[in-house]
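*Asks:* what follows is a predicted protein model with its sequence.
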Amino acid sequence: MSAPLARPSILSIEAYAPGESKVPGVNRIIKLSSNEGAFGPPPAAMQAFITTATELHRYPDGGSTKLRDAIGARFGLDPARIICGAGSDELLLHLIMAFGGEGTELVMSAHGFVMYDITGRYAGCQVIKVPERNLLADVDAMLAAVGPRTKLVCLANPNNPTGALLPRAEVQRLRAGLRDDVLLVLDAAYAEYVTDADYDAGATLVDAGTNTVMTRTFSKIFGMGGLRVGWAYLPANIADIVNRVRGPFNVNLPAQAAAVAALAEPGWVERSVAHNAEWRGKLGGALEAMGVKVWPSHGNFILADFATAERAKAADAALRGRGLIVRAMAAYDLPHCLRITIGTAEECQLVTDALQADAAWRAGGAV
């Protein structure tokens, strides 16, 4: 008997593996594997979520009008060119499906966010991963990889999982070196954590033409990963395309209400940024004192380089034994690394204590 067959490109996809949240036999779990905000959601967002309980039988506003207006007011952007989605992943899906497809190419950096690869294959694109230079996207190499079939270039800035930040001038040089018919997607999921004064999340390039998109999320600094709210700032011509294909009620009612409230929470972003900068430095410094290389990061996580896959596995086991779940990086071709979210002060200290107390990883994975 025959059965329905998916397109061959689908069969080349390895399903996305989210960060783990359980360790067998351990009671207290501290999840530092998904770059979730250290403080959870803002209090006003939680209250707004609760308030919507009596309205759950109503369809949400299909245009996310209040949320788009709030985003526009917060970031100084035109709400008419903002589109909200069920996480920025949904918006990346629509962009890649709409502008990619069979016979096209998607260019990304070698250690860029894995969803570009997964979604590109889903769309039927040939995904080209360009080698990086010291774990930083190489603009010259990316431009050299662009061919006549290239339709999309995806760049996370800051990058996940490396934490690397491409300077503003380099992003501008990347855009200037691309053909006008190539869509540049700037994924700025960690934009709020960046303290570099020269950083531009992408709005300037969006405003400068018709071929650049910036995507953002409420899943990181606003602590709302469980509600799945993302947004994109797009040129009018690209917004028109995405609005034609997105679901009519793609952001649910509680998510819209909570996101609007999160944007208005006084001091939330400032407090989160200050904490992140402090403990990213403290945790990174403690790991370096133990002989672990820590790559420069501009997000709410660090990439700890244990030099060998065996040492990384042993360090991961030491952390898991104490209920500390971090993210192994084999899926990103970085098997010698662990990505560690910056959690609360207590959580960061527990990571340090666990690694200082364990000898196996120092001995190369065996004692």
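*Replies:* Great, that's in hand. Values in this document were obtained by computation on a predicted structure and should not be read as measured data.
*Asks:* right, and L338 touches A304 too?
*Replies:* Yes: counting by C-beta atoms under 8 Å, L338 touches A304, with 4.9 Å between them. Placement of C-beta: from N, CA and C, glycine included.
*Asks:* what do the two both touch?
*Replies:* Common neighbours of L338 and A304, counting by C-beta atoms under 8 Å, 6 or more residues apart in numbering, are A315.
*Asks:* where do the helices sit along the chain?
*Replies:* When assigned using DSSP state H, the helices of the chain occupy the ranges 8-11, 43-51, 65-75, 87-99, 114-123, 139-145, 168-177, 203-208, 236-245, 253-263, 268-289, 309-320, 345-357.
*Asks:* show me the contacts for the residue nearest the centre of the chain.
*Replies:* Nearest to the mean C-alpha position of the chain, by C-alpha atoms, centre = their mean, lies A189 at 4.8 Å. A189 sits next to 88, 156, 160, 215-217, 219-220 when contact means C-beta under 8 Å, 6+ apart.
*Asks:* try 6 Å
*Replies:* By C-beta atoms under 6 Å, 6 or more residues apart in numbering, the contact set of A189 is 217, 220.
*Asks:* and it, how far from M97?
*Replies:* The gap separating A189 from M97 is 20 Å, by C-beta to C-beta, to the nearest Å.
*Asks:* pLDDT weak spots in the stretch 101-250 of the chain?
*Replies:* Along the stretch 101-250 of the chain, no part satisfies pLDDT under 70.
*Asks:* residue boundaries of the strands in it?
*Replies:* 105-109, 126-130, 150-156, 183-187, 212-217, 230-233 (DSSP state E, counting those that start in this stretch).
*Asks:* now distance to R168 too, for those strands, in TSV please.
*Replies:* Output for the strands of the stretch 101-250 of the chain, formatted as TSV (distance: least, C-beta to C-beta, whole Å):
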stretch	distance to R168
strand 105-109	17
strand 126-130	20
strand 150-156	13
strand 183-187	11
strand 212-217	13
strand 230-233	16
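*Asks:* okay if I get these as JSON lines plus distance to A259 and mean neighbour count?
*Replies:* Shown next, in JSON lines, are those (distance: least, C-beta to C-beta, whole Å; neighbours: other C-beta atoms under 10 Å):
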{"stretch": "strand 105-109", "distance to A259": "28", "mean neighbour count": "26"}
{"stretch": "strand 126-130", "distance to A259": "31", "mean neighbour count": "19"}
{"stretch": "strand 150-156", "distance to A259": "21", "mean neighbour count": "25"}
{"stretch": "strand 183-187", "distance to A259": "18", "mean neighbour count": "26"}
{"stretch": "strand 212-217", "distance to A259": "10", "mean neighbour count": "27"}
{"stretch": "strand 230-233", "distance to A259": "9", "mean neighbour count": "26"}
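*Asks:* which one of the ones you listed lies nearest to P4?
*Replies:* The closest of these to P4 is strand 126-130. By C-beta to C-beta, the value is 24.1 Å.
*Asks:* so which residues make contact with the closest one?
*Replies:* Residues contacting strand 126-130 (C-beta under 6 Å, 6+ apart): 105-110, 117, 120, 141-142, 145.
*Asks:* ok, now stretch 140-160?
*Replies:* 99-100, 104-108, 112-113, 116, 128, 130, 165-166, 177, 182-187, 190, 298-299.
*Asks:* quick one: terminal-to-terminal distance for that stretch?
*Replies:* Start-to-end span of stretch 140-160 (C-alpha to C-alpha, to the nearest Å) is 20 Å.
*Asks:* try stretch 140-154
*Replies:* Terminal residues of stretch 140-154 lie 15 Å apart, using C-alpha to C-alpha.
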